[in-house]
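Peer 1: take a look and give me a structure for this.
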Amino acid sequence: MRKITIIAATAVLLAAAATAHAGSLGRPCTAAPQASWLSLEQLQAKIEAQGYKVQKAKLKNACGELYTIDKSGSRVELFVDPTSGQIVGQL
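Peer 2: Next comes the predicted model:
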């Protein structure tokens, strides 16, 4: 019974950590008004120019979230400043 409790507690902590990272690393990537943001197509082009293959892109919580494959073939979720296309974080 004790092992089950420890496993359950660990699962809850891991889920909480994943949730904190989910919505754009838990914080917006920019405070700039949406009118100054690049389009998703422009963000995708900037990321692909860096060698990533973009599978899906969306804007969420003032941050571009791009689901990509990197040069080594690994899946990487990138968080991108929508005003510049600069990568500000990744999972």
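Peer 1: C-alpha only now, for contacts and for neighbours.
Peer 2: Noted.
Peer 1: are we agreed that Lys46 is in a helix?
Peer 2: Yes: using DSSP: H, G, I helix; E, B strand; the rest coil, the secondary structure at Lys46 is a helix.
Peer 1: how far away is it from Ile87?
Peer 2: Distance of Lys46 to Ile87, computed by CA to CA, to the nearest Å: 10 Å.
Peer 1: got it, and Leu78?
Peer 2: 7 Å.
Peer 1: who has more neighbours, the two?
Peer 2: Leu78 (25 against 19; other CA atoms under 10 Å).
Peer 1: so which elements touch the host helix or strand of the more buried one?
Peer 2: Per DSSP states H and E, Leu78 falls inside strand 75-80. Here strand 75-80 is seen to pack against strand 64-69, strand 87-90 when contacts are counted using 3 or more CA pairs under 8 Å, 6 or more residues apart in numbering; DSSP states H and E.
Peer 1: between it and strand 64-69, how many degrees?
Peer 2: 160 degrees (axes from the mean of the first three to the mean of the last three CA atoms, to 10 degrees).
Peer 1: least confident secondary structure element in this structure?
Peer 2: Counting by mean pLDDT, DSSP states H and E, the weakest-scoring helix or strand in the chain turns out to be helix 2-21, with a mean of 48.
Peer 1: related to what we said a few turns ago, give me whichever of the helices and strands packed on strand 75-80 is most buried.
Peer 2: strand 64-69 (a mean of 24; mean count of other CA atoms under 10 Å).
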